[in-house]
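Q: here is the input, now give the coordinates:
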Amino acid sequence: MSSAKEVSALDVLCPMHLILGPSGHILHAGPTLCKMRKGQGLSGQRFLEVFEVKRPRALNCMADLMSDEPQKLRLKLRAAPHTAFKGVLVPAKEGDGTMIVNLSFGISILDGVRDFALTNADFAATDLAIEMLYLIEAKTAAMEASYNLNSKLQGAKIAAEEQAYTDTLTGLKNRRALDTVLTRLLSASNSFAVMHIDLDYFKTVNDTLGHAAGDHVLQHVARIMVDETRSRDLVARVGGDEFTLVLPEVRDEGTLRRVGRRIIERLEVPIPYDGTDCRISASIGTVWIQPGESPSMEDLLSNADVALYASKHAGRATQTLYTPDLRDAANAIGAPAARAPRPA
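A: Here you go, the predicted structure:
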């Protein structure tokens, strides 16, 4: 076995070394390995009972380790946390059967440091393990900071996009969102319906009770329209007191009439505001696009306007479904064929 001075030198230069006797018993363990096995000890234990050698694979007993040449090992602790090591085994002294095994964590260094609370003092002064840890930690911190920044930027982008498509007063979608959804639906040539809604008597509320009352009414109207539609439907405020609903996959005209009737009936219920009842109603013009039809967006919205005008002309608080005959009738009495685009 090595002298005490040589062993002390090994403890400094190779704090994760083992000295093995000819029988495979551990005669001495470096300070870092002792720290890792605190309370269990290593001296006196059989090397192959403490460590499982993964490579070389054919190794079954200590006799297989006996060699005059250095051997590279891959091994792990048999006990939890089953830490993995890289190692090299060399004869300690020629002819006496003792061997020295020097270990390192290799790519398992992060696990080893975490599992055993190791510090800079537990590694040789020339070991680059701590420098590697600093680099890994710096890289991890940089990646985490980059991820957090990207997440914030993505969140800000999503929020900005959402704001660009949202009416600030009611929280509904706006004209830009409506145009986006209609473009997608028209290109797909699927069945959907567009309901253009104009509030009746809203101007009277604004003129007599003020804009605060008007805003209150608009917010109340928005809640009703969301309540009366499905989650996949679009509800948009496209003008001062004008709203548009887009209902994908409408299967029958009766569904459209029921939705319109419920909205009109609920909007005719007086809306309390500051001790006063605000009374409004709604006129609705509806266009039902059948599968395979692909009108332009301008024609679609123009047809909805024509149907809405017919509802207004019929006495308000009603819904009209568009037919080509309505345009002829509107032209005959001088109704606008189409309205100019409104700001969102």
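
Q: so where do the strands sit in this structure?
A: Per DSSP state E, the chain carries strands over the ranges 17-20, 26-29, 51-55, 71-77, 84-91, 99-104, 192-200, 234-237, 242-248, 271-273, 276-278, 281-289, 319-321.

Q: tabulate those (JSON lines), appending mean pLDDT.
A: Shown next, in JSON lines, are those (pLDDT from 0 to 100):
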{"stretch": "strand 17-20", "mean pLDDT": "91"}
{"stretch": "strand 26-29", "mean pLDDT": "90"}
{"stretch": "strand 51-55", "mean pLDDT": "87"}
{"stretch": "strand 71-77", "mean pLDDT": "89"}
{"stretch": "strand 84-91", "mean pLDDT": "89"}
{"stretch": "strand 99-104", "mean pLDDT": "90"}
{"stretch": "strand 192-200", "mean pLDDT": "96"}
{"stretch": "strand 234-237", "mean pLDDT": "96"}
{"stretch": "strand 242-248", "mean pLDDT": "96"}
{"stretch": "strand 271-273", "mean pLDDT": "95"}
{"stretch": "strand 276-278", "mean pLDDT": "94"}
{"stretch": "strand 281-289", "mean pLDDT": "96"}
{"stretch": "strand 319-321", "mean pLDDT": "96"}
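
Q: got CSV for the ones you listed, with mean neighbour count and distance to A145 too?
A: C-betas here are computed from N, CA, C, even on glycine. Putting the strands of the chain into CSV (neighbours: other Cβ atoms under 10 Å; distance: least, Cβ to Cβ, whole Å) gives the following:
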stretch, mean neighbour count, distance to A145
strand 17-20, 22, 39
strand 26-29, 21, 40
strand 51-55, 16, 37
strand 71-77, 17, 34
strand 84-91, 17, 30
strand 99-104, 22, 30
strand 192-200, 24, 46
strand 234-237, 25, 39
strand 242-248, 21, 42
strand 271-273, 16, 50
strand 276-278, 14, 52
strand 281-289, 24, 50
strand 319-321, 21, 56
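
Q: those strands into a markdown table, with extra columns for distance to S3?
A: Shown next, in a markdown table, are these (distance: least, Cβ to Cβ, whole Å):
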| stretch | distance to S3 |
| --- | --- |
| strand 17-20 | 12 |
| strand 26-29 | 12 |
| strand 51-55 | 26 |
| strand 71-77 | 24 |
| strand 84-91 | 16 |
| strand 99-104 | 13 |
| strand 192-200 | 91 |
| strand 234-237 | 86 |
| strand 242-248 | 87 |
| strand 271-273 | 98 |
| strand 276-278 | 101 |
| strand 281-289 | 96 |
| strand 319-321 | 103 |
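
Q: out of those, flag the one nearest S146.
A: Minimum separation from S146 across these (Cβ to Cβ) falls at strand 84-91, 29.7 Å.

Q: hmm, who's touching the closest one?
A: Residues outside strand 84-91 that contact it (Cβ atoms under 8 Å, 6 or more residues apart in numbering): 16, 51, 65, 67-68, 70-77, 98-106, 108, 111.

Q: paired strands for that strand, with orientation please.
A: Here strand 84-91 is paired, per DSSP bridges, with strand 71-77 (antiparallel), strand 99-104 (antiparallel).

Q: so which of those is nearest G292?
A: Once the strands paired with strand 84-91 are compared by Cβ to Cβ, strand 71-77 is nearest, at 67.2 Å.

Q: name the residues that touch that closest one?
A: The contact list for strand 71-77 (Cβ under 8 Å, 6+ apart) reads 50-56, 65, 82-90, 101, 103.

Q: CA atoms of it as PDB?
A: Taking C-alpha atoms only, strand 71-77 is exported to PDB below (Å, rounded to 0.1, in the frame of the first residue of the first chain):
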ATOM      1  CA  GLN A  71      -8.500   0.300 -17.400                       C
ATOM      2  CA  LYS A  72     -11.300   2.700 -18.200                       C
ATOM      3  CA  LEU A  73     -14.400   2.100 -16.200                       C
ATOM      4  CA  ARG A  74     -18.000   3.200 -16.200                       C
ATOM      5  CA  LEU A  75     -19.800   2.500 -13.000                       C
ATOM      6  CA  LYS A  76     -22.500   3.700 -10.600                       C
ATOM      7  CA  LEU A  77     -23.300   3.500  -6.900                       C
END
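
Q: show me how far it is from its chain's centre.
A: Chain-centre distance of strand 71-77: 42 Å, with Cα atoms, centre = their mean, to the nearest Å.

Q: and it with strand 51-55, angle?
A: Using axes from the mean of the first three to the mean of the last three Cα atoms, to 10 degrees, the direction of strand 71-77 lies 130 degrees away from that of strand 51-55.

Q: got the domain boundaries for this protein?
A: Domain segmentation of the chain under automatic domain parsing yields 4-126, 128-161, 175-332.

Q: export those domains as TSV, with columns for distance to L169.
A: As requested, the domains of the chain are exported to TSV (distance: least, Cβ to Cβ, whole Å):
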stretch	distance to L169
domain 4-126	54
domain 128-161	18
domain 175-332	6
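
Q: was I right to think F51 contacts T83?
A: No. Counting by Cβ atoms under 8 Å, F51 sits too far from T83 to count as a contact (10.0 Å).

Q: and stretch 272-290, end to end?
A: Stretch 272-290 has an end-to-end distance of 40 Å (Cα to Cα, to the nearest Å).
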